[in-house]
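Engineer: With the sequence up front, the predicted model follows.
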Amino acid sequence: MAESSAAGETVLMRRGLVLIVSAQIMWGLSPAFWRLGSDIAALDILGHRALWAFVTVFVIHAIRGSLHAVRTAAREPRTLLLEVFAGVLIGSNWLVWVWAVTNDRVLEGSLGYYITPLVSVVLGVMVVGERLRRAQWVAVALGVASVTWLTVDMGRLPWVSLFLAATFGIYGLIKKTVDRPPLDMLAIELTVMLPLVLVFLGTRLSGGNDALVSAEGSEYVVLLGSGLFTVVPLLCFAGAVQRVPLSVIGVIQYLSPSTNFVLGVVAYDEPLGGGRLVGFVLVWLGLAVFTVDGLRVTRSGAHPGGPPRGQWIGWRSLGQRGQLG
């Protein structure tokens, strides 16, 4: 009986690993998908992405018979207020990421997702009042050094990186306070965005400027497929969380920005001079310190009086990339 149970857990673990790796690969390859619509304005892509993601999510809820759970959550004033804010974060993050991808800023975008865990640590200190371990302070210091170095090297603030990291980090903080399934929350967030999206797309259509009307070839794939491309990785991640330890997910999460990085350098020939490479090396060192420390704490077991210092920021906010990237 014990052997049968162990074998079943192994199968679930393997399926979970397939799901989490699949999600990370899809997010990692997202620049290739969005660049299929590089001639479409980022606002048009955002509008269609929000619309078709809304349709996709609500079809899934209808099939699952879980629309009542969404309605119940939306009736809670605190939850609704937080989700309105989360919807703004999603929309702005999607917009900047798509703009970055279609304007040869993939490397800058990937840096933003690399430094997000470090931004989350800082938010944990500022908002939640957490105390950090020494290794976490070292990781944050390396992240700050990376951004400072890149600012000097580039002659400007890497605003795309900072914006993506900040919106993702704050979004993760909201998710910590709203204990609901991600798909339920995404449904509310998309509903919040829907009126503005419909007004925008309606205005574009009435003026004869709707991207879908004038689309050609692969542009149809981007506009009509954006909903599935948004939701499917999220479902993969949600399935993986039920089967794979969060400590493992914490390591695998760096697969997507790493894939973004490789695409930016190899496929899109974005410049990676010595100065820029130093900036990335600094943030990679910070993430190495951060990850090793998190694994050490996770393996040490439960701590008296609750989770160890800084624990939630490392792992609890994982997986929101699927809703943002």
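Structural biologist: Looks like it came in fine.

Engineer: From Gly65, how far out is Ala73?
Structural biologist: The gap separating Ala73 from Gly65 is 15 Å, by CB to CB, to the nearest Å. In this view, the C-beta of every residue, glycine as well, is placed from N, C-alpha and C.

Engineer: who touches Thr151 in this structure?
Structural biologist: Counting by CB atoms under 8 Å, 6 or more residues apart in numbering, Thr151 touches Leu157, Pro158.

Engineer: Tell me which of Ala73 and Gly65 has more neighbours.
Structural biologist: Regarding Ala73 and Gly65, a neighbour count based on other CB atoms under 10 Å identifies Ala73 as having more, with 18 against 8.

Engineer: which element is that one on?
Structural biologist: helix 67-74 (DSSP states H and E).

Engineer: who's in contact with that helix?
Structural biologist: Phe58, His61, Thr79, Leu80, Glu83, Arg180, Pro181, Asp184, Met185, Ala187, Ile188, Thr191.

Engineer: change it to 6 Å
Structural biologist: The contact list for helix 67-74 (CB atoms under 6 Å, 6 or more residues apart in numbering) reads His61, Thr79, Leu80, Arg180, Asp184, Ala187, Ile188.

Engineer: All the helices of the stretch 201-325 of the chain, in order from the start?
Structural biologist: Ranges of helices in the stretch 201-325 of the chain, per DSSP state H, counting those that start in this stretch, are 211-214, 218-241, 246-252, 255-262, 274-299, 311-315, 321-324.

Engineer: Next up, the contacts around Gly37.
Structural biologist: Gly37 makes contact with Ile45, Glu219, Val222, according to CB under 6 Å, 6+ apart.

Engineer: isn't the last one right up against Leu36?
Structural biologist: It stands for Val222. Yes - using CB atoms under 6 Å, Val222 makes contact with Leu36 at a distance of 4.9 Å.

Engineer: pLDDT score assigned to Gly208?
Structural biologist: What the model reports for Gly208 is a pLDDT of 84.

Engineer: Quick check: the gap between it and Ser214.
Structural biologist: Relative to Ser214, Gly208 is positioned 8 Å away (criterion: CB to CB).

Engineer: which one of these two has more residues nearby?
Structural biologist: A direct count of neighbours by other CB under 10 Å for Gly208 and Ser214 places Ser214 higher, at 12 against 8.

Engineer: Report the contact partners of that one.
Structural biologist: Going by CB under 6 Å, 6+ apart, Ser214 touches no other residue.

Engineer: thinking again about what came up before, mark which of the contacts of helix 67-74 are buried, thanks.
Structural biologist: Among the contacts of helix 67-74, those classed as buried by neighbour count (16 or more other CB atoms under 10 Å) are His61, Thr79, Arg180, Asp184, Ala187, Ile188.

Engineer: Could you find the lowest-pLDDT member of those residues?
Structural biologist: Lowest pLDDT among those: Arg180, with 83.

Engineer: returning to what we had before: mind putting the contacts of helix 67-74 into CSV with secondary structure?
Structural biologist: Formatted as CSV, the contacts of helix 67-74 follow (DSSP: H, G, I helix; E, B strand; the rest coil):
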residue, secondary structure
His61, helix
Thr79, helix
Leu80, helix
Arg180, coil
Asp184, helix
Ala187, helix
Ile188, helix
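
Engineer: Which member of those residues is positioned nearest Val266?
Structural biologist: Ala187 (37.0 Å; CB to CB).

Engineer: between Val222 and Leu36, which one's more packed in?
Structural biologist: A count of neighbours by other CB under 10 Å puts Val222 above the other of Val222 and Leu36, at 24 against 17.

Engineer: Give me the spatial nearest neighbour of that one, chain neighbours excluded.
Structural biologist: The shortest distance from Val222 to any non-neighbouring residue, by CB to CB, 6 or more residues apart in numbering, is to Gly37 (3.5 Å).

Engineer: Distance of that neighbour relative to Ala50?
Structural biologist: Noted for Gly37: a distance of 15 Å to Ala50, by CB to CB.

Engineer: circling back: with distance to Ser258 as added columns, please give the contacts of helix 67-74 in CSV.
Structural biologist: Shown next, in CSV, are the contacts of helix 67-74 (distance: CB to CB, whole Å):
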residue, distance to Ser258
His61, 33
Thr79, 34
Leu80, 36
Arg180, 30
Asp184, 30
Ala187, 30
Ile188, 32
